[in-house]
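S.K.: Here's a sequence, model it:
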Amino acid sequence: MEKRVLIYAPTGQDAMLASKMLTLAGVDNLVTGTAAQLAEELLRGVGAVLTVEEALSNGGLKVLGEFAQHQPNWSDLPIVLLTNRGPDSLSVRQAIGVLGNVTLLERPVRTLTLITSLQSVLRAREKQYQVRETDRRKDEFLASLGHELRNPLAPIRTSMGVLNHMYPDQAPVKKVCDVVERQVTHLTRLVDDLLDVARINSGKIELQRAVTSFTSIMNHVMELCSAPAAARRIKIDLAMPDEEVMLNADYARVVQIVANILSNAVKFTPVDGYISVRALVEKGCLKIYIKDTGIGLEPAALSRIFAMFEQSRPPSGQITSGLGIGLSLSRQFAEMHGGSVSVTSEGLGKGSEFTVSLPVVSEEKLPATPAPETALSLADRRPRVLVVDDNRDAADSLQALFEIENCNVATAYDGFEAVQAVDEFMPELVVMDLGMPSMDGYEAARRIRDKAGTQNILMIALTGWGQSDARQRTMEAGFDHHLIKPVDFDEIKRLASDRLGKPPALRRVV
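M.R.: Alright, predicted model coming up:
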């Protein structure tokens, strides 16, 4: 389907003759009689388009132009255009400007010339398909890599939690735990960025919009960036609008937009440097100006710095650390919100200034909301918890944290064990990994929910997969919550607090 040539020549005998010649040459083709049919067939798949000059004014240029404008990044649809006057024709010049990848053949056209020209563009189109397949495999690899990297992060984080609980007053232990926690947090952010690249490229990212305050966003950003800045003795001067600014936005993504840019500024600003962050509202638009005293950018870098996997080079020429995707993600997330990200610099050694623009809902005071409960209170009896994970280190470390919280904990290392353990142990809470061999977490959850008396069990899924379809599958399988590894144990406690933190008679039925 994708290798065929679509022929659009609605008047005269050109379409019929061209189709006959291509068929004899073994080139798959289809004649489209109207612009509407051409538009429909383009969406079904096309290797190249053969059209004529007079068809451009008959709806052809509009249809082809819209397709060319919205085609994916890997695609550059080849169009062979038969013309009477070559580039001297106004309509031909317009077609070249709008469509881009145009091959002109001036009439009368020899059969051999037409066939070899179409075979040539089809070979070039095949290269585009190879690029698409490479990109698809790359996205799948990044998603799988992110999933696999999350698995070891979970037991590392929970093990550090165990040490902190066991030795709360030991300064050396706390120092080591803090180092591990910082590095796990940093690695988690890198993994999240890799997964975001895969999701954006596959069109699987959807914004989770809600009305949120800009102050809460910036508080989160400063929590993420203050420690790295302090380690380099870099001062961050933050100036906020006088009135509270409300955004209809995806809270996590806006935090990511600003934090990526600010973290980048910290990385490229020398020790004892200075970063100014100013936010103000101009004509219904929130403007965030992030200006640093860092290494600056040469003019040629201004246009490529937002490209995926692009890494800035300091004057020494040495490649810096990082994946080179943070700024690209910031710009793409801003554009998904209807905003933008831009950068200016006076040159190398003169610092840079990034500007983030986002639409504003309103400027008003945000009503106070109570802080969420983050700790488990002791129940009248020990709550029963089942931890399920084929990664024994992850299961055992999570078991230790629950036991510290005075829970009665059982472990299972695959889905079959989990289903059997529910019969024997009848837990009140099940925390289960999804990606297990033999029987995965989805099937285990369905079998557990099919058992009598299990509807009151609170079930939490732990996984390295964060795509929206994975979340939907967990809900359909019977889970109550879906958490992404590495999970903060406080988040599990918060979700479980209603169930485990009250006497049995008061527990909420989900």
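
S.K.: secondary structure class for the residue in the chain sticking out farthest from the centre?
M.R.: Relative to the centre of the chain, and counting by C-alpha atoms, centre = their mean, the farthest-placed residue is Pro108 at 51.1 Å. Taking DSSP: H, G, I helix; E, B strand; the rest coil as the rule, one finds Pro108 in the coil state.

S.K.: What distance do you get for Ile290 to Thr103?
M.R.: Plainly put, Ile290 is 46 Å away from Thr103 if you go by C-beta to C-beta, to the nearest Å. In short, each C-beta sits where N, CA and C put it, glycine included.

S.K.: Look at these two and report which has more neighbours.
M.R.: Neighbours around Ile290 and Thr103, counted as other C-beta atoms under 10 Å, are more numerous at Ile290. The numbers are 22 against 16.

S.K.: residues in contact with Asp196?
M.R.: Contact analysis of Asp196 by C-beta atoms under 8 Å, 6 or more residues apart in numbering lists 205, 256, 325, 329.

S.K.: quick one: which of the residues you listed is nearest Leu398?
M.R.: Proximity of the contacts of Asp196 to Leu398 (C-beta to C-beta) peaks at Gln256, which lies at 27.2 Å.

S.K.: quick one, phi psi at that closest one?
M.R.: Main-chain torsions, Gln256, degrees, to the nearest 10: phi -60, psi -40.

S.K.: Surely it touches Gln332?
M.R.: No: taking contacts as C-beta atoms under 8 Å, Gln256 lies outside contact range of Gln332: 10.4 Å.

S.K.: more crowded one of those two?
M.R.: Neighbours were counted for Gln256 and for Gln332 using other C-beta under 10 Å; Gln256 has more, 23 against 19.

S.K.: ok, now which ones touch that one?
M.R.: 196, 329-330, 333.

S.K.: go on, Val255?
M.R.: Val255 touches 217, 220-221, 224, counting by C-beta under 8 Å, 6+ apart.

S.K.: what ranges of the stretch 151-300 of the chain fall below the confidence cut-off?
M.R.: 186, 198-199, 201-204 (pLDDT under 70).

S.K.: which stretches of it form strands?
M.R.: Remark: strands assigned in the stretch 151-300 of the chain by DSSP state E, counting those that start in this stretch are 210-213, 235-239, 245-249, 274-282, 285-292.

S.K.: what's the most buried one of the ones you listed?
M.R.: Among the strands of the stretch 151-300 of the chain, strand 245-249 has the highest mean neighbour count (mean count of other C-beta atoms under 10 Å), at a mean of 22.

S.K.: Can you find the helix or strand of the chain with the lowest average pLDDT?
M.R.: Least confident element among the helices and strands of the chain, by mean pLDDT, DSSP states H and E: strand 362-363 (a mean of 52).

S.K.: next helix or strand past it?
M.R.: The helix or strand immediately downstream of strand 362-363 is strand 384-388, counting by DSSP states H and E.

S.K.: Other residues contacting that following strand?
M.R.: Residues from elsewhere that reach strand 384-388 (C-beta under 8 Å, 6+ apart): 395, 398-399, 402, 407-415, 417-418, 421-422, 425-433, 436, 441, 444, 500.

S.K.: Show me how to select, in PyMOL, the buried members of those residues.
M.R.: Applying 16 or more other C-beta atoms under 10 Å to the contacts of strand 384-388 leaves a buried subset, and the PyMOL line that selects it is:
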select buried, resi 395+398+399+402+407+409+410+411+412+413+414+415+417+418+421+422+425+427+428+429+430+431+432+433+436+441+444+500
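
S.K.: how far does the longest helix along the chain sit from the chain's center?
M.R.: Taking DSSP state H as the criterion, the chain has its longest helix at helix 111-166. Computed by C-alpha atoms, centre = their mean, to the nearest Å, the chain-centroid distance of helix 111-166 equals 13 Å.

S.K.: what's around the residue lying closest to Arg125 once chain neighbours are set aside, how many residues?
M.R.: In space, and not counting its chain neighbours, Arg125 is closest to Gly47: 4.9 Å by C-beta to C-beta, 6 or more residues apart in numbering. Neighbour count of Gly47, defined by other C-beta under 10 Å: 24.

S.K.: list the contacts for Gly47?
M.R.: The neighbours of Gly47, taking C-beta under 8 Å, 6+ apart as the test, are 2-5, 28, 78, 121-122, 125.

S.K.: hmm, 10 Å instead?
M.R.: Applying C-beta atoms under 10 Å, 6 or more residues apart in numbering, we find Gly47 in contact with 1-6, 27-29, 77-78, 118, 121-126, 128-129.

S.K.: are any of those buried, and which?
M.R.: Using 16+ other C-beta under 10 Å, the buried ones in those are 4-6, 27, 29, 77-78, 118, 121-122, 125, 128.

S.K.: could I get those as a markdown table with distance to Ala477 and pLDDT?
M.R.: Output for the buried ones among the contacts of Gly47, formatted as a markdown table (distance: C-beta to C-beta, whole Å; pLDDT from 0 to 100):
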| residue | distance to Ala477 | pLDDT |
| --- | --- | --- |
| Arg4 | 42 | 94 |
| Val5 | 46 | 95 |
| Leu6 | 44 | 95 |
| Val27 | 49 | 93 |
| Asn29 | 47 | 95 |
| Leu77 | 42 | 94 |
| Pro78 | 46 | 95 |
| Leu118 | 50 | 94 |
| Val121 | 48 | 94 |
| Leu122 | 45 | 94 |
| Arg125 | 42 | 93 |
| Gln128 | 39 | 91 |
